[in-house]
Each structure stands twice: as structure tokens, then as C-alpha cells.
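Student: Fold the stuff below for me.
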Amino acid sequence: MQLAVQRRILSRTGAPPVSLLGSLGRLSTPFASFSAASPVRISRLTPLVLLRPVAAAMATSAPTAAPWDGSGTQEDLMHKDQCVLVDEQDRVVGHANKYSSHQFNAEQPQGLLHRAFSVFLFNSQNQLLLQQRAAVKITFPSVWTNTCCSHPLHGHVPSEVDQPGDVADGSVMGAKRAAVRKLGHELGIPATQLPLSAFKFLTRLHYCAGDTHTYGPQAPWGEHEIDYILFIKANVRLKPNREEVDAVKYVSLPELKAMMQPSNGLLWSPWFRIIAENFLDKWWEDVDRTLATDDHVDVQTIHKILT
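Tutor: Numbers count the residues shown, from 1 in each chain. Below you'll find the model as predicted:
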């Protein structure tokens with residue numbers, strides 16, 4: 001069955017147009033505070049049902065032979081791009097295409113656990129760049145989210161697959177390379193404006209969420225990821241790719257909180273909502289300090305949160 005037949009885009013009736021978002025009021029109530037689990041490698045904030053062994057579901061296609069250029073339709077990319085499959089300790093166990101990795105069905109009710117990254121890009125005024133995912137996206141179309149969220153790819157050259165030592169020393173050059181690639185693909189930001197040394201790796205988030213906004217309670221698509229959180233401060237030139245992004249907006253923290261009020265009718269990605277409600281306040285409070293120090297760096301913990 002073609003993906004287009006399976007898609008049902010949620011109506012956005014009642015959501016304010018993008019041009020009105022900047023006029024939304026400010027909130028005085030902070031996001032819910034995050035109570036960290038004891039400092040162990042994996043923090044379990046809520047139970048998460050374990051996946052069946054993934055070996056049988058791994059794709060057997062060869063690593064990418066041609067340079068990745070992001071060409072093709074959303075469906076093409078779902079079949080071509082090879083996600084990095086991991087276990088709950090973030091150890092690489094194989095690879096599978098995006099189509100297989102994101103399917104929620106009876107055999108794999110939570111898809112396949114794979115690596116992802118989430119970029120939070122701030123300008124010189126410490127405003128965060130948000131994007132609204134394109135309506136043509138197969139997973140989580142039309143939702144608002146952080147600057148860029150995607151996947152490091154298996155078989156990419158140079159490598160986007162980080163090893164345990166890369167996580168331990170905070171370098172994660174694979175995730176950073178993937179971030180630069182996708183910031184260019186989705187938002188048209190030149191790589192010259194995104195030096196790898198400017199990215200700060202903070203921590204990892206393990207979450208799982210079906211795309212019930214789009215497909216209802218039995219959603220056939222969703223995300224099950226260990227997400228690498230990357231901060232960067234840079235003034236960049238934007239040229240959004242309309243196959244990927246419907247709108248962009250720079251916001252202050254109070255403006256973001258106003259946007260996220262349910263009365264505004266906006267949809268938000270589950271990973272961004274988790275980060276906003278549990279972590280973002282303390283990271284954003286002093287962005288320069290977050291980027292310049294290790295005060296908020298936690299490379300040992302994988303925060304597990306079930307939506």
C-alpha cells in the first residue's frame with residue numbers, strides 16, 4: 001500500500017496563522033520541573049515495554065553507495081535512508097530503513113529503537129529557532145518542533161555513527177555531522193555557518209510515541225528513539241525546503257510558553273514537548289553558560305520518558 005493512501009492529515013482548523021504567533025501573550029507559569037532519577041546510566045521516569053529482538057527485522061540493504069543529497073519524495077527517503085538501530089544502552093545492533101524503523105504494528109508495536117538527534121539553534125538574541133514540519137511529512141506532519149530533528153544514517157561518508165567513546169568524551173562527531181547535513185537539507189543553512197565545534201552535546205533522551213495526532217489511537221507510524229540533544233548559537237541564513245518545513249519562527253522562552261498553551265490549538269512533536277516540559281527551562285535560562293560550560297552536560301544518563 002502506498003504511504004499516501006495510509007496518510008490522514010489532522011485538520012488544523014482553529015490554529016492561528018503563523019503570522020499571528022508573534023502576537024501571542026506571555027505566560028508567567030514555568031514549565032513543569034523535572035525530577036531527575038538517581039545518577040545512573042538510564043533514568044526510568046516511566047516504564048517502557050521492551051521491544052522484541054530486532055535482529056529479524058533489520059534491513060539487509062548495503063550501505064549508501066552514492067553521496068546523500070536528500071533528493072526524492074518523502075516516501076523515497078523513508079525507503080532509502082538507513083537508521084542506526086540500538087539497544088536500550090545505546091549500543092549499535094544493526095540498521096533498518098526509515099520505513100521499517102517507524103512502523104508500529106502487531107509484530108513491532110513500538111517500531112524499532114534507533115538513534116536520532118535534536119538541534120536547538122539560538123540566534124544572538126538567545127531566541128530559539130522553531131520549525132513547523134511540512135504537511136507532506138509521513139510522520140508527525142504539521143507539528144511545531146525544535147530547529148531540526150532527524151537521524152544519523154548508517155553507511156554515510158563521513159561516518160555519522162558514534163561509538164561509546166565518542167559519547168563518553170562528549171564529541172559525538174557523527175551526530176554533529178548528521179545535524180549539519182539535515183540543517184542544510186531542511187532549512188537551507190550553509191555548512192560554513194555551522195562549524196562542528198560550535199555544537200554542544202548535552203544528554204540523551206529515550207522516548208516512544210505513536211503519531212496519534214495524525215492517524216488516531218492505532219497509529220501505524222511513530223518514533224522510538226534515543227535522541228542526542230545538541231545546542232548551538234549562530235546567526236544563520238535560512239532557505240527552508242518546502243518538502244520538509246512549512247514555517248519557521250524565532251521565539252523567546254516566554255513566547256514559546258505562550259505558543260504551547262492548549263488554547264492556541266497548535267500541535268507539537270512529542271519529543272519537543274518532553275524536552276520543553278522537563279529540561280528546556282534550565283538549559284535556556286543562560287544559553288551562553290550552557291554552551292561554554294559542562295554545567296548541564298550529562299553524557300552518562302539516558303533519560304527514558306514514555307508519552
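
Student: for the stretch 51-200 of the chain, what spans make up the strands?
Tutor: Ranges of strands in the stretch 51-200 of the chain, per DSSP state E, counting those that start in this stretch, are 82-86, 92-97, 114-122, 128-133, 144-145, 148-150, 200-210.

Student: right, so of those strands, which gets closest to residue 164?
Tutor: Residue 164 lies closest, by Cβ to Cβ, to one member of the strands of the stretch 51-200 of the chain: strand 92-97, at 9.4 Å. For glycine as for every other residue, the C-beta is placed from the backbone atoms N, C-alpha and C.

Student: Now that closest one: buried residues?
Tutor: By 16 or more other Cβ atoms under 10 Å, the buried positions in strand 92-97 come out as 92, 94-97.

Student: Repeat that for stretch 131-144.
Tutor: Buried, per 16+ other Cβ under 10 Å, within stretch 131-144: 131-134, 136-144.

Student: Let's have the strands of the stretch 51-200 of the chain in a markdown table, adding mean pLDDT.
Tutor: Formatted as a markdown table, the strands of the stretch 51-200 of the chain follow (pLDDT from 0 to 100):
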| stretch | mean pLDDT |
| --- | --- |
| strand 82-86 | 98 |
| strand 92-97 | 98 |
| strand 114-122 | 99 |
| strand 128-133 | 99 |
| strand 144-145 | 99 |
| strand 148-150 | 98 |
| strand 200-210 | 98 |
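
Student: Of all those strands, which one is nearest residue 175?
Tutor: strand 114-122 (4.6 Å).

Student: so how far is the closest one from its chain's centroid?
Tutor: Here strand 114-122 is found 5 Å from its chain centre; the criterion is Cα atoms, centre = their mean, to the nearest Å.

Student: Then stretch 248-260?
Tutor: 18 Å.

Student: That stretch: which residues count as buried?
Tutor: Buried, per 16+ other Cβ under 10 Å, within stretch 248-260: 249-251, 253, 255-260.

Student: Cross these against helices and list the overlap.
Tutor: With helices defined by DSSP state H, the entries of the buried residues of stretch 248-260 inside them are 253, 255-259.

Student: Tell me which two in these are the farthest apart.
Tutor: Using Cβ to Cβ, the pair of these lying farthest apart is 253 and 259, separated by 10.7 Å.

Student: Let me know the distance separating the closest residue to residue 103 other than its chain neighbours from residue 104.
Tutor: Among residues not flanking residue 103 along the chain, residue 111 sits closest, at 6.0 Å (Cβ to Cβ, 6 or more residues apart in numbering). According to Cβ to Cβ, to the nearest Å, residue 111 stands 5 Å off from residue 104.

Student: These two: which has the busier surroundings?
Tutor: Shown here are residue 111 and residue 104; by other Cβ atoms under 10 Å, residue 111 has more neighbours (27 against 21).

Student: Phi, psi for that one please.
Tutor: Here is the backbone geometry of residue 111 (degrees, to the nearest 10): phi 60, psi -160.

Student: Give me the local confidence score for residue 70.
Tutor: Here the pLDDT value assigned to residue 70 is 74.

Student: For the nearest residue to it once chain neighbours are set aside, give me the pLDDT.
Tutor: Using Cβ to Cβ, 6+ apart and skipping residues adjacent in sequence, the residue nearest residue 70 is residue 185, 4.2 Å away. Per-residue confidence (pLDDT) for residue 185: 98.

Student: Residue 185 touches residue 241, doesn't it?
Tutor: Yes - the pair residue 185 / residue 241 is scored as a contact, 6.3 Å apart, by Cβ atoms under 8 Å.

Student: Now the common contact residues for those two.
Tutor: Residues touching both residue 185 and residue 241 (Cβ atoms under 8 Å, 6 or more residues apart in numbering) are residue 70.
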